[in-house]
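Visitor: pasted the sequence and its predicted model underneath.
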There are 2 protein chains.
Amino acid sequence: MGRQREHDAGEARATLSDVAARAGVSPSTASIAFSGQGPVSDSTKARVLAAAVELGYTGPDPLARSLRTGRSGIVGALIPRRIGTSFRDPVVIQTLDGLAEELGGSGSGLLLLSERERETDRLSLEAAPIDALVLLGCGTASLPALDVLRRRGIPVVTIEGDEGAGVANIDVDNRRGTRVLAEHLRDLGHRDVALVTLPLTTEDRLGPLSEDEIASATATIAVRRIAGARDVFPGAAGISASGSTIADGRAAGRLLLDVPESDRPTAIIAQSDLLAAGVIFAAHDLGLAVPDDLSVVGFDGIRVDELPMRLTTVAQSAQDKGAAAGRAVTELLDGGHPESRCFPVTFQAGATTGPPAS
Amino acid sequence: MGRQREHDAGEARATLSDVAARAGVSPSTASIAFSGQGPVSDSTKARVLAAAVELGYTGPDPLARSLRTGRSGIVGALIPRRIGTSFRDPVVIQTLDGLAEELGGSGSGLLLLSERERETDRLSLEAAPIDALVLLGCGTASLPALDVLRRRGIPVVTIEGDEGAGVANIDVDNRRGTRVLAEHLRDLGHRDVALVTLPLTTEDRLGPLSEDEIASATATIAVRRIAGARDVFPGAAGISASGSTIADGRAAGRLLLDVPESDRPTAIIAQSDLLAAGVIFAAHDLGLAVPDDLSVVGFDGIRVDELPMRLTTVAQSAQDKGAAAGRAVTELLDGGHPESRCFPVTFQAGATTGPPAS
DNA sequence: TTCACCGATCGAATCGATTCGATCAGTGAA
DNA sequence: TTCACTGATCGAATCGATTCGATCGGTGAA
C-alpha cells in the first residue's frame, strides 16, 4: 500500500559507508574511488564499484555532497516575468541558450527563477540552493534579496542590469543603439516620433508612458532605450506595451495610430523587433503604408519571418551576451574577478523607414 | 592565496548554532523559530530573529536543510534538445509555463536539463539534486538514467512519453489527432499525402523519413503522429524536419514540393503548426497556391500570426498539459499515486485544406 | 492538593557524504 | 642496511541544519 520512499519493502537505500563496508575499505577510500579525488589502486576501485553494483548503490547523494563541498552545481537565472511571458521573447531565449551552453560546459545546471510573484510560496531566491545567480534584465535596485545573496557569498552577474551595483554586468549598448536609430529618423526628416516601449515593471500593462512610471521602472532595458531615443527627441512620448510580442506591438500601435491624422506620429521607435512588427501590422490594419505613411524601427536584429520587408533596426547578439554571462559566472566561481563588458549593436538599414509624408 | 570562499577577510559566516548561542537558546529552538515547525514563544522567536540580524545571519543554509530533510525543492525538466532549439517551439514553452506555474505554487523550482549531450561534463541527471523529474516528450526507453532515478526513489512524470514505463504519463492524443486530420484529407479526396515530421531523435537532421529511423526513434510524439497518419494512409512517406520552426518547415516543404508535378503530393501533414506554416511558405516560394494546388494541415492549434489564413489543424492545450504534469509531481511527492491521463485534441477547420486539383 | 496535560525548550542523534592528517608498506637511492 | 619518499588506505572531524524523545514548569480539572 501507501509507501513511496522505499523501493522494495524494508531495505533502506545503501550509503557510501555500506558500500565501503561491503568492499572492505573505509568510507574515505570508497569516496575517492567514486570521485577520483585522490589515489586509489585499480583493484580497490574495482572492488568498490562491484560492491556498489551489488548493493544497488547509484553514486553519492548529491545533497550530501553539496553540503560538504559547499557547491550545488546549480546556477539560478532570474527572469523578470513568468516563464510563458519571458520565453515568448526570442532575445531572452537566445540569451538563456548562450548561458546554458556555457554553463553546461562547466558542469552547472540552470535553475529558472521568476522575479514575478517572488512573494508567494515558491522557491525563494534566498532559499534556492544556487552557487551563483544571473539576472536577466532585472533592475538590481529593487531586489532586496540581492543583499542576502551577497551576504551568503553567492556571486551575482547581471545582464543589462544596473551598472555600479558592485556586480559584474554584461551589457548591451541599448542607449546608443536607440540613439542611432533616432538619429536615422531625424536625418530622414522626422520630428513627430513616438515610442512603443517594453514593459517598465513586472506588471504587463498597456498604456501611455508616464514619467512616474519611468522613474520607478525596474526594467533597465526599457529605461535605457527610452533615454537613447530622448537623446535625439527630448521628451518623446509613447505607449508602454504589455509585453514583447507582435500582438503586444499591434495593440500599442493601434493606440498610437488610430487617432486623427494631425495627432499621428510620422515615425515610431519600437523597443523590440517584435513590437515593431506589431506596429507595422497595426498600421496596415488602419490602411497606412510603411514606410510611406509611417516609419518604424525596432531593436534586436532577430529574423521576423512574418514581415514582408526587412526591418530597420539595430542588431545585437543575445547568444554571445548569454555566453559572456556564463563565462563571468564560471570565473567568479573560480575566484576570479570578471570585468563588466558592453556589447555593441550594429545598425541595419531595412525597408521600414523613409522620409515623412510631406 | 587563491582562496575564493571567504568573502570578507576572516569572519566566517554565522550558522544557526551561532545565532542560537547568541540568543541564549538551543539550536533546536532556533531552528523552530525560523521554520515554524513547532511551538515557540513569541519572545523567544523575537530574540532569535534579533540575534540573527546582529550576526548577519540570512536564514538556514538550503544545502544543509536539504540534506536533513531529503528534499531540495527542485524539480528537473528534461527537454529533448538544447534550450535554444527546444524553446523555439511555442508548445514546449507553454508546457513549461504551465509546469512552472503549478510547481511554483507548491514551492518548487524548475531545473532545466537537456537530453542532448548528457554524456559530457554537465550536471548529469544522476547527480542533479532534484526531488522529481519531468520528461518533456523524451522517450523513456532510451534513458538508462531512468533506472538510476527509480532506484534513488526519485519520482518521474512523463509528458507524451512511453506508456507502460511504470511512471505517470501526461499524454495528448497525438495519434488520434493526426488520424482525424488524415481522415479529413482523405474525405476531401486526397490520396497522395506526404508527411513532414518533427525530428525523430535528438539529432536535428533534415532528410527523407526512413523506417529504420522511425523504429529507433526517441521522440515519441513524432512516432505517434506518424502512426496516426498511417492509420489512414498506410505507409505514407515524407521528410523528417530538422526542428519545429517555420524555417525548418520551409526547408522540408521545399524538398517535398520542388519536384516534377507528377511526384508532388496533393496534401501534406505537418506535425506542428510552425512546420505547416513553413510548408505553406515553401509552396508559395514555388508558386503553388494553398489550398488550391496543395492542402496543408498542422498540429497544436497555436496562433501563427505570419500566415495570411487560418490553418487546418488540431488544437491541444500545452499549458494544461504542463500544469497536469506539475500536479502529478506534487502528488507523487506527497506520496500519492497520480494516474496517467490523456488530453484530447480538437479539430479546427481552417482555410489551408480543400479538394485536390483535379 | 494532586494529577494529568500541554506548551516551550533542550540534548543528542542524524542526514551522507568529503577531506585532512596520520599510518603503513613498498621502492629506489645512498 | 638505512633513509627518505611516495602511493594507498584509514579514522575522525566536519559541513549546517532538522527532529525525536525527554525534561520542566505552569494550568485546569478532579
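Guide: That came through, no problem.

Visitor: correct me, but A:T346 touches A:S317?
Guide: No - contact criterion Cβ atoms under 8 Å: A:T346 and A:S317 do not qualify, at 9.4 Å. Where C-beta positions appear, they are placed from N, C-alpha and C, glycine not excepted.

Visitor: which one of those two has more residues nearby?
Guide: Each of A:T346 and A:S317 has its neighbours counted (other Cβ atoms under 10 Å in any protein chain shown); A:S317 has more, 20 against 12.

Visitor: out of everything not next to it in sequence, what's closest to the more buried one?
Guide: Once flanking residues are discounted, A:S317 sits nearest to A:F343: 6.7 Å by Cβ to Cβ, 6 or more residues apart in numbering or on different chains.

Visitor: can you give me the strands in the stretch 101-250 of chain A?
Guide: A:109-114, A:132-136, A:156-159, A:168-172, A:193-197, A:207-208, A:238-240 (DSSP state E, counting those that start in this stretch).

Visitor: wondering if the one helix or strand in chain A whose mean pLDDT sits lowest reaches chain B at all.
Guide: Within chain A, no helix or strand scores below helix A:83-86, which has a mean of 82 by mean pLDDT, DSSP states H and E. Yes - using Cβ under 8 Å from any Cβ of the partner chain, helix A:83-86 reaches chain B at A:I83, A:G84.

Visitor: who's in contact with A:E183?
Guide: Neighbour list for A:E183: A:V232 [criterion: Cβ atoms under 8 Å, 6 or more residues apart in numbering or on different chains].

Visitor: how many residues are close by A:G24?
Guide: A:G24 has 11 neighbours, counted by other Cβ under 10 Å.

Visitor: now do A:D204
Guide: So A:D204, with other Cβ under 10 Å, has 16 neighbours.

Visitor: surely it touches A:S240?
Guide: No - A:D204 is beyond contact range of A:S240, at 9.6 Å (criterion: Cβ under 8 Å).

Visitor: the stretch 151-300 of chain A: helices as residue ranges?
Guide: Assigned by DSSP state H, counting those that start in this stretch, the stretch 151-300 of chain A shows helices spanning A:174-188, A:211-215, A:220-232, A:246-257, A:273-285.

Visitor: what sits up against the fourth one?
Guide: This points to helix A:246-257. Residues contacting helix A:246-257 (Cβ under 8 Å, 6+ apart): A:194, A:196, A:206, A:208, A:238-242, A:264-265, A:268, A:270, A:272, A:274-283, A:285-286, A:288, A:294, A:306, B:305.

Visitor: need the mean per-residue confidence for it.
Guide: Mean per-residue pLDDT for helix A:246-257: 96.

Visitor: got the angle between that helix and helix A:273-285?
Guide: 50 degrees (axes from the mean of the first three to the mean of the last three Cα atoms, to 10 degrees).

Visitor: what do you get for the third one?
Guide: Our comparison of helix A:220-232 with helix A:273-285, counting by the same axes, to 10 degrees, yields an angle of 60 degrees.

Visitor: buried residues in helix A:220-232?
Guide: Using 16 or more other Cβ atoms under 10 Å in any protein chain shown as the test for burial, helix A:220-232 gives A:T220, A:I221, A:A222, A:V223, A:R224, A:R225, A:I226, A:G228, A:A229, A:R230, A:D231, A:V232.

Visitor: again, but for the longest one
Guide: Neighbour-count burial for helix A:174-188 flags A:N174, A:R175, A:R176, A:G177, A:T178, A:R179, A:V180, A:L181, A:A182, A:H184, A:L185, A:L188 (criterion: 16+ other Cβ under 10 Å).

Visitor: quick one, what contacts the fourth one?
Guide: Looking back up the chat, that one is A:G177. A:R225, A:G228, A:F299, A:V314, A:Q316, A:V345.

Visitor: could you chop chain A up by domain?
Guide: Split into domains by automatic domain parsing, chain A comes to A:16-60, A:74-172+A:318-343, A:174-316.

Visitor: picking up where we left off before, TSV for the buried residues of helix A:174-188, including distance to DNA strand C and pLDDT?
Guide: Formatted as TSV, the buried residues of helix A:174-188 follow (distance: Cβ to the nearest atom of the strand, whole Å; pLDDT from 0 to 100):
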residue	distance to DNA strand C	pLDDT
A:N174	42	97
A:R175	45	97
A:R176	46	98
A:G177	45	98
A:T178	48	98
A:R179	50	98
A:V180	50	98
A:L181	52	98
A:A182	54	98
A:H184	56	98
A:L185	58	98
A:L188	62	98
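
Visitor: near chain B, which residues of the stretch 151-300 of chain A?
Guide: Within the stretch 151-300 of chain A, the positions adjacent to chain B are A:R151, A:R152, A:G153, A:I246, A:A247, A:F281 by Cβ under 8 Å from any Cβ.

Visitor: and the residues you listed, which are buried?
Guide: A:R151, A:R152, A:I246, A:A247, A:F281.

Visitor: so which pair among those is furthest apart in space?
Guide: Farthest pair in those (Cβ to Cβ) is A:R151 and A:F281. Separation: 48.4 Å.

Visitor: picking that back up, A:P90 is nearest to which of the helices of the stretch 151-300 of chain A?
Guide: Across the helices of the stretch 151-300 of chain A, A:P90 has its closest neighbour in helix A:273-285 (7.5 Å, Cβ to Cβ).

Visitor: what's in contact with that closest one?
Guide: A:89-90, A:196, A:198, A:241, A:244-254, A:256-258, A:268, A:270, A:289-290, A:293-294, A:296-302, A:304, A:306-307, A:311, A:313, A:352, B:305.

Visitor: if any of those residues are buried, put those into a ChimeraX selection.
Guide: Buried residues within these, by 16+ other Cβ under 10 Å, are selected in ChimeraX with:
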select /A:89,90,196,198,241,244,245,246,247,248,249,250,251,252,253,254,256,257,268,270,290,293,294,296,297,298,299,300,301,302,304,306,307,311,313,352 /B:305
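
Visitor: tell me where the model's unsure across chain A.
Guide: Filtered on pLDDT under 70, chain A yields the residue ranges A:1-11, A:116-122, A:141-142.

Visitor: what does it put close to DNA strand D?
Guide: A:24-29, A:32, A:38-41, A:43-44, A:64, A:67-68, A:70 (Cβ under 7 Å from any atom of the strand).

Visitor: and these, which are buried?
Guide: Among those, the ones that count as buried by 16+ other Cβ under 10 Å are A:V25, A:T29, A:I32, A:V40, A:T44, A:L67.

Visitor: farthest pair in those residues?
Guide: Distance extremes for these: the farthest pair is A:T44 and A:L67 at 25.9 Å, using Cβ to Cβ.

Visitor: so who does A:G139 touch?
Guide: A:G161, A:D162, A:A217, A:T218, A:A219, A:T220.

Visitor: of those residues - the most surrounded one?
Guide: For the contacts of A:G139, neighbours tallied by other Cβ under 10 Å; top is A:G161, 27 neighbours.

Visitor: show me the contacts for that residue.
Guide: With Cβ under 8 Å, 6+ apart, A:G161 has these contacts: A:L135, A:G137, A:C138, A:G139, A:T140, A:V167, A:N169, A:D171, A:T220.

Visitor: and it, how close does it get to A:N174?
Guide: Going from A:G161 to A:N174 by Cβ to Cβ, to the nearest Å gives 12 Å.
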